[in-house]
Structures are given as C-alpha cells and as structure tokens.
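Novice: I would like to see how this sequence folds:
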Amino acid sequence: MVERLKWRKEPGPRVEGSRDLDRSKVQAPGIVPLPGGGYRLFYTAVGPGKPFSVCQGYILSAVSADGVNFQIEPGIRMAPDPAIEHGSLRYLAPTVTQLADGRWRMYFESRGPVGIPTVIASAISSDLVEWELEEGIRLQGFNGIGGPRYVKLPDGRGRLYCFATQPTSKGVISAVTEDGLNFELEPGNRMEVGQSEIEAKGISAADVVPPAAAGEPWLMLYSGWQDAPPGTILPPHPSLDPNAVENGLSENFAAVSIAFDLMGFRSRIFAAHSSDGLVWERDGCVIEGGGLGTPGIDAVHAEDMSFIRLNDGSYRVYYASCDTDGNWRIASAVTE
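Specialist: Numbers count the residues shown, from 1 in each chain. Coordinates of the predicted model:
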C-alpha cells in the first residue's frame, strides 16, 4: 500500500502576468533545478507584446534562488514560426533536461492550424536562455500529442509522457528514446480517461518523478478536466476553429480562450503511483479549487503541472491556476 502524499498550497502566485509579453495569459509551467543551485521556471504565455498578430503563445522564463520567489527574465525563450506548419501558432508545456555534454534540450508541444495535429518538437541551448530550434518532429501520432514531460530512466534512456488525443478524449501515452531525438511509442496507455466524472473530459498533462531508491514507487501528477454542464452552449475555441486566423479568433486568442475556460469546465490535479512507470494506479484528486463563485487563484482550474523532489525528500508542484475572473497564474504546492 502506497501512502498518499498530502499537498499544501503555498500562498500567492509564483509567476503572474506583469508585462506585455505575458499580461493576457500564463500557463503550462516546467521547472528546472539548476546545477549550481536555484531554479528556472519555463512557462507558456501570451500578451499584447506577442511577436506576430495571430500568435497564440510562446515560452518565457523566470529564475529563483529558493523556488518560491521568482524574477522574470526579459525576452522570449522560444516562439512559434509562421513558416513552420506544425509550429506556426503556439508553443507550450516546456520540459527541459540536461545532456551529457552539458547542453540542455527542451521538448514542447507545437501547434499549427486546426487540421494539423499537435506534435512534440525540441530545441537546444548551452545556457538555458538562448535556444535553437532543432529540425524535425520528435513525436507525433494519434489525432495529436502534447503536454510533454521528460524523465531520465535508470538504464540511461529517456521517456516522454504526453497526452494523446483520441477521437473523444485525451489519455496519457509514453515514448522512449536512446538519443533524445528519435522516440518509439510504448504499447498501450499509461493513463486512461473516463474513470470518474471529474476527469472524464480528458487529461491535459502528466508529470512523473522516478523513485529515489529501489523499492520506492514512481509518482505521477496529472491534470484531468470535468466537462461543462449538460446543455451549455459553448463558443468556438480558437485552437479548435479551422478559420481562427481568418475570423480573428487567433488574434484575440487569450480573450476568447479565457471566455471558454469560464463556461463551466473544471480542471483538477490528480495523483497516481506505479512500480515500473508503465502501469499506474490512481490515488485520487490532490489539488483543486473551490469552483465558480469561490475565492482563490485556482478557484476554477488547476492544471498542466511540473513537479520535483526537493533536497529534504518532499515535493513541490508548480501548476497553472485560474480564478473566477479568468486570470491565469503559476501557483505551487508542497507535500507535508
């Protein structure tokens, strides 16, 4: 029997919109412990300072000495390119790993127009600030793959946990790599959707921490979505509208997508454990807001998380949170 970890929300946001690059929406964090101490937090954002009018999001960063107080770094780490079909509109959900030669590789979800499935792309850096897009696609398939989280395996390989869009929902799949560039899908799903009403709409991300010692469990946090109430009339979401660029929805991505977020959907963070990183047992909901009409920076949504084991053996999770006014921020919680 694995003891379920208890999570305590930490007060205040770790990162929130504060400038033209991120004022409209902040989401999808990816935390990186730095070799010399401290942390760098990568996240997806959009604001009036976006690099081109129909851009739906790009990757920014902030640094911290203690993992709680972050200083925003200037500039964009990675931005979509209109000339790249599968990456012409939005980059999101960064996950970063250090390579044997000291450089760093970032994997992220890459989005183009509707009809072009989401894929996983990558970039390379020597300093975590200046990044160069690597050619090609790291992982693709199903009706789209996204929300990547990279894990180093004990045998020296790497694994990506991602959501895979099925005809009616999103579940978690995995793929392994020997060289960090070429991935092979592993059979089956790591996490199926539809196990309960509060996560039946789909899973938008899953992050995994391998065991620190033999005999300990693998741990997973994942974000599950509850559908809007029956009969809700939903506006078109710009990421699902094939005419989003032409009709202006892409240019107004943040406002339109936030209105969609407040139409009755709910997202929560759930936990699971495993003995091998492949077959998982659910542990239930661990982080949620109070719902519409209640206070709190994560009253409506808590999703797209990234978590790490701290030096004292506890864990901290960084997650995207949305309040009842549609303000998205990066929040955090620690295990007790």
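Novice: Tell me where the stretch 201-336 of the chain has helices.
Specialist: 244-247, 253-261 (DSSP state H, counting those that start in this stretch).
Novice: There's contact between residue 96 and residue 29 in this structure, I believe.
Specialist: No. With contact defined as C-beta atoms under 8 Å, residue 96 does not reach residue 29; the gap is 11.3 Å. All C-beta spots, glycine's among them, are computed from the backbone N, C-alpha and C.
Novice: who touches both of those two?
Specialist: Both residue 96 and residue 29 are contacted by residue 42, under the criterion C-beta atoms under 8 Å, 6 or more residues apart in numbering.
Novice: Which one's more surrounded, those two?
Specialist: Between residue 96 and residue 29, counted using other C-beta atoms under 10 Å, the more crowded position is residue 29 (28 against 22).
Novice: Secondary structure element holding the more buried one?
Specialist: strand 25-33 (DSSP states H and E).
Novice: Which positions within that strand qualify as buried?
Specialist: 25-32 (16 or more other C-beta atoms under 10 Å).
Novice: what residue ranges in this structure score low on pLDDT?
Specialist: 1-3, 168-169, 290-295 (pLDDT under 70).
Novice: again, only this time at 80
Specialist: 1-4, 166-169, 194-195, 200, 234-237, 240, 289-298 (pLDDT under 80).
Novice: if I pick residue 302, what's in contact with it?
Specialist: Per C-beta under 8 Å, 6+ apart, neighbours of residue 302: 223, 267-269, 287-289, 319-321, 331.
Novice: could you redo the last one with a cut-off of 10 Å?
Specialist: Contact analysis of residue 302 by C-beta atoms under 10 Å, 6 or more residues apart in numbering lists 9, 223, 266-269, 285-289, 296, 317, 319-322, 331, 333.
Novice: Give me the subset of those lying in strands.
Specialist: Among those, the members found in strands (DSSP state E) are 9, 223, 266-269, 285-287, 317, 319-322, 331, 333.
Novice: Most neighbours among those residues, which one?
Specialist: For the ones in strands among the contacts of residue 302, neighbours tallied by other C-beta under 10 Å; top is residue 321, 31 neighbours.
Novice: hang on, isn't that one packed against residue 261?
Specialist: No. The criterion here is C-beta atoms under 10 Å, and residue 321 misses it with residue 261 at 11.3 Å.
Novice: what is in contact with these two at once?
Specialist: 267, 300-301, 328.
Novice: Just give me the closest of those residues to residue 173.
Specialist: residue 267 (19.5 Å; C-beta to C-beta).
Novice: ok, that closest one touching residue 299?
Specialist: No. At 11.5 Å, residue 267 does not count as touching residue 299 under the criterion of C-beta under 10 Å.
Novice: which one is residue 76 nearest to, not counting chain neighbours?
Specialist: Spatially, and ignoring its direct neighbours in sequence, residue 76 is nearest to residue 58 (5.1 Å; C-beta to C-beta, 6 or more residues apart in numbering).
Novice: Contact partners for the one you found?
Specialist: 21-22, 44-47, 50-51, 76-80, 90-92, 108.
Novice: quick one on the thing from earlier: return the most buried member of the helices of the stretch 201-336 of the chain.
Specialist: helix 253-261 (a mean of 19; mean count of other C-beta atoms under 10 Å).
Novice: which secondary structure elements does it contact?
Specialist: On a contact count with 3 or more C-beta pairs under 10 Å, 6 or more residues apart in numbering; DSSP states H and E, helix 253-261 meets strand 25-33, strand 39-46, strand 328-335.
Novice: Distance to residue 175 added to those strands, as CSV?
Specialist: Formatted as CSV, the helices and strands packed on helix 253-261 follow (distance: least, C-beta to C-beta, whole Å):
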stretch, distance to residue 175
strand 25-33, 18
strand 39-46, 21
strand 328-335, 27
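Novice: For residue 176, find the nearest of those strands.
Specialist: Nearest of the helices and strands packed on helix 253-261 (C-beta to C-beta): strand 25-33, 19.7 Å.
Novice: Using CSV, write out the CA atom coordinates for that closest one.
Specialist: Output in CSV follows, covering the C-alpha atoms of strand 25-33 (Å, rounded to 0.1, in the frame of the first residue of the first chain):
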residue,chain,number,x,y,z
LYS,A,25,-2.4,34.5,-20.1
VAL,A,26,0.2,32.5,-18.2
GLN,A,27,0.1,28.7,-18.3
ALA,A,28,1.9,25.3,-18.6
PRO,A,29,5.0,25.6,-16.3
GLY,A,30,8.1,23.5,-16.5
ILE,A,31,10.6,23.7,-13.6
VAL,A,32,14.3,23.0,-13.8
PRO,A,33,16.7,22.7,-10.8
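Novice: Strand partners (parallel or antiparallel) of that strand?
Specialist: strand 39-46 (antiparallel) (DSSP bridges).
Novice: quick one: buried residues of the strand it pairs with?
Specialist: Buried-residue list, strand 39-46, by 16+ other C-beta under 10 Å: 39-46.
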